[in-house]
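>>> A predicted structure for the sequence below; I have some questions about it.
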Amino acid sequence: GGRQLLFALNQKLNIPSLRTLRTNSTFTSIMPTIGPICNKQFDHNIQTVVLDTRSDLLPLCGVSFMINEIALEEMAVHFRKFNKVGGLCWKHSHVINLVLHTYNSTVSIAQEIHDGHVHLRKELTVIGLLCFGEDEIYPILAAPTCKTE
C-alpha cells in the first residue's frame, strides 16, 4: 500500500498523482469523534467546514441532513494531536479515560477492550449537510460505532 501503490496505479491506470491531487483538490478535515458525541464537535465542524469555507455571502435557504454508515477495520488508533485513543465505539467509550498519560493508562484501556466494557469500531456513522441550491456536501460528524443496539 501507501505511496508505492499509488504510484503504480498512477502509472498503470492513468489516475492523478498524489501531488496533483494535493495541488488541485480541496481536502476537508473534521474534528474526529473521540469518546461520546458532544455539541463541541458539531459546533467546531459546522464552523470550520461549512461557515468558514463559504465564499459567497448568500444566506442559507435550507439544509438537508444525510446520514450513512461506512464499514471499518476493527482497531484502535492514537490521535497524537489530542493524545487520546480513538477507534472505540462512541456509545461505550465514556466508561474509561481515553487520554494516554502513562504506560498503565494504555494497559488499562487495552484491558477494558479485552473485557468487553469498551468496544472497537465496526462502522463509522457519517452525517453530512447539503445546503439547498449547492452541489457540495459538508461532513459534520464522523463517529465510530460497534453496531450494538
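Done, it's in.
>>> where does the chain dip in pLDDT?
1, 55-60, 149 (pLDDT under 70).
>>> in the protein, what residue spans correspond to helices?
For the chain, the helices defined by DSSP state H cover 2-13, 18-24, 39-45, 103-115.
>>> now the ones you listed as a markdown table including mean neighbour count and distance to Ile96?
Placement of C-beta: from N, CA and C, glycine included. Shown next, in a markdown table, are the helices of the chain (neighbours: other C-beta atoms under 10 Å; distance: least, C-beta to C-beta, whole Å):
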| stretch | mean neighbour count | distance to Ile96 |
| --- | --- | --- |
| helix 2-13 | 10 | 32 |
| helix 18-24 | 10 | 37 |
| helix 39-45 | 14 | 19 |
| helix 103-115 | 13 | 5 |
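>>> of the ones you listed, which is nearest Leu129?
For the helices of the chain, proximity to Leu129 was assessed by C-beta to C-beta; helix 39-45 is nearest, at 9.5 Å.
>>> which secondary structure elements does the closest one contact?
strand 137-145 (3 or more C-beta pairs under 8 Å, 6 or more residues apart in numbering; DSSP states H and E).
>>> which residues does His117 contact?
Residues near His117 by C-beta atoms under 8 Å, 6 or more residues apart in numbering: 92, 95-96.
>>> and if you look at Thr125?
Thr125 makes contact with 67-69, 141-145, according to C-beta under 8 Å, 6+ apart.
>>> now Ile30
If you count contacts by C-beta under 8 Å, 6+ apart, Ile30 has them with 45, 48-49, 139-142.
>>> which residue is the nearest non-sequential neighbour of it?
With sequence-adjacent residues excluded and distances taken as C-beta to C-beta, 6 or more residues apart in numbering, Ile30 is closest to Asn45, at 4.7 Å.
>>> ditto for His94
Nearest to His94 is Pro36, by C-beta to C-beta, 6+ apart, at 4.8 Å.
>>> do Ile96 as well
Glu112 (5.0 Å).
>>> measure the one you found to Val99 for me?
Computed as C-beta to C-beta, to the nearest Å, the Glu112 to Val99 distance reads 14 Å.
>>> of the contacts of Ile30, closest to Pro32?
Minimum distance to Pro32 across those is 6.3 Å, recorded for Ala142 (C-beta to C-beta).
>>> the closest one against Glu123, yeah?
No. Taking C-beta atoms under 8 Å as the definition, Ala142 is not a contact partner of Glu123, at 10.8 Å.
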